[in-house]
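[1] Structural data only, the sequence is not supplied:
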């Protein structure tokens, strides 16, 4: 099978023997990583259910509406993970040009009449049946795969010790095209994640530090230019203003953050109990099933429940770091590093904005927030990590 090497077993070995063999696929999966991701999705389903069950305007009178859809998204995501493991990250390496082209076409389609605006960001494609697609979520994956393919090609072939300047320039150009389109939507939150992914890939590749510092300097200069030229939408400027001054317009642009902090602070150590949060049942926090889902955990599960989410996210990042360290090919290392940068920054930004230490950027909490596109993307990423682990050489 192209995705991963299949070991030859003795004909007399039973099915059970093949499953528990030391070199079997099941045994080589990273179970702490998989278990933590499943636990996060399960907790997320409860939090999404609590946040939406009383909102008839969203649920159309069905209190289980978002619970079932979140569970369905999780199930589809796990199926995508299994498919990714079956194909293998090495097989996907050969399909990167096609996947990259499709992702660019999808994000460009958002700028056509097919696109739709949600919460100020023209970043969605509406599908039949009330479903929607956010192409920028899948673009994160193709940027990771594309940069890894370019940066690791000559290194894994043994021609170079590190990517040369020309290779790094090509990799940055590959990432710049979809990032420019996403910025034009505008979807500043996704662009921020993509920038962090690019930095993670460069650091993992062993490229010259001049590229890293140059990219950081370019990013700062670009942010200043965007601000000075007035390229941000009014709602984005208002979000940054509210972050800089939380007391600014508490009933307007600062409302979301203020209500989020009240919800989290009211939970105390043990929380008010699932479905018992006054901020949640009173519907004081907007977008609580998506961007502000962590406030449900803080209020109803308290510091202990919210802390459990942080621990599970920490386990995911720890196991991903271990996979990146143990793989013997630079391509796998860069893919894992890009995923680590993605998950770490997005989780920090999402939780940080609910606590008022980061500006509101409209990023979901990985595995926990409601949303099909984001859920599918993070589970594909888990599939890539598992594939890298499965295909690593077995040591004695």
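    Ah, there it is. Source: prediction; values computed, not measured.

[2] pretty sure residue 352 contacts residue 361?
    No - counting by CB atoms under 8 Å, residue 352 does not reach residue 361; the two are 9.3 Å apart. (Each C-beta comes from the backbone N, C-alpha and C, glycine too.)

[3] Looking at those two, which is more packed in?
    Neighbours around residue 352 and residue 361, counted as other CB atoms under 10 Å, are more numerous at residue 361. The numbers are 22 against 18.

[4] Could you say which helix or strand holds that one?
    Using DSSP states H and E, residue 361 is not contained in any helix or strand.

[5] Dihedrals phi and psi, it?
    phi -130, psi 0 (degrees, to the nearest 10).

[6] Please name the residues that touch it.
    188, 189, 192, 239, 349, 353 (CB atoms under 8 Å, 6 or more residues apart in numbering).

[7] measure it to residue 101 for me?
    For residue 361, the distance to residue 101 equals 28 Å [CB to CB, to the nearest Å].

[8] per-residue pLDDT, residue 369?
    You'll see residue 369 listed with a pLDDT of 94.

[9] For it, give me its contacts.
    44, 48, 289, 290, 291, 293, 350.

[10] so how far is residue 346 from the fifth one?
    Here the criterion is CB to CB. By it, residue 291 lies 11 Å from residue 346.

[11] now swap in residue 67 and tell me
    Distance from residue 67 to residue 346, by CB to CB: 23 Å.

[12] Shouldn't residue 264 be within a helix?
    Yes - under DSSP: H, G, I helix; E, B strand; the rest coil, residue 264 falls within a helix.

[13] and the residue lying closest to it once chain neighbours are set aside, how many neighbours?
    In space, and not counting its chain neighbours, residue 264 is closest to residue 298: 3.2 Å by CB to CB, 6 or more residues apart in numbering. Using other CB under 10 Å, residue 298 has 29 neighbouring residues.

[14] mind listing what residue 298 touches?
    Here residue 298 is in contact with 263, 264, 265, 267, 271, 305, 306, 354 (CB under 8 Å, 6+ apart).

[15] Filter these down to just the buried residues.
    263, 264, 267, 271, 305, 306, 354 (16 or more other CB atoms under 10 Å).

[16] Just the residues contacting the one helix or strand residue 97 maps to, thanks.
    Residue 97 is part of helix 96-109, with elements assigned from DSSP H and E. Contact with helix 96-109 is made by 92, 115, 125, 133, 135-136, 138-139, 141-142, 145-146, 149, 174, 177-178, 181-182, as judged by CB under 8 Å, 6+ apart.

[17] how about that helix: buried residues?
    96, 100, 103, 104, 106, 107, 108.

[18] Longest strand of this structure, counting residues only.
    strand 121-126 (DSSP state E).

[19] now for the helix or strand just after it, which elements pack on it?
    Per DSSP H and E, the first helix or strand lying C-terminal to strand 121-126 is strand 132-133. In this structure, strand 132-133 makes packing contacts with strand 121-126, helix 372-390, judged by 3 or more CB pairs under 8 Å, 6 or more residues apart in numbering; DSSP states H and E.

[20] Mind listing the strands strand 132-133 pairs with, and their directions?
    strand 121-126 (antiparallel) (DSSP bridges).

[21] Residues in contact with the strand it pairs with: which ones?
    So strand 121-126 is contacted by 106, 109-111, 114-118, 132-136, 182, 185-187, 190, 362 (CB under 8 Å, 6+ apart).

[22] Check stretch 324-344 too.
    So stretch 324-344 is contacted by 89-90, 93, 140, 143-145, 147-149, 151-152, 155-156, 193, 196-197, 199-201, 203-206, 313, 316-317, 320-321, 323, 366, 378, 381, 384-385, 388-389, 391-393 (CB under 8 Å, 6+ apart).

[23] And stretch 32-43, by the same measure?
    Contacts for stretch 32-43 (CB under 8 Å, 6+ apart): 74, 77-78, 297, 308-309, 312-313, 315-316, 319-320, 323, 366-368, 375, 378-379, 382, 385-386.

[24] how about it: buried residues?
    Buried residues in stretch 32-43 (16+ other CB under 10 Å): 33, 34, 36, 37, 38, 39, 40, 41, 43.
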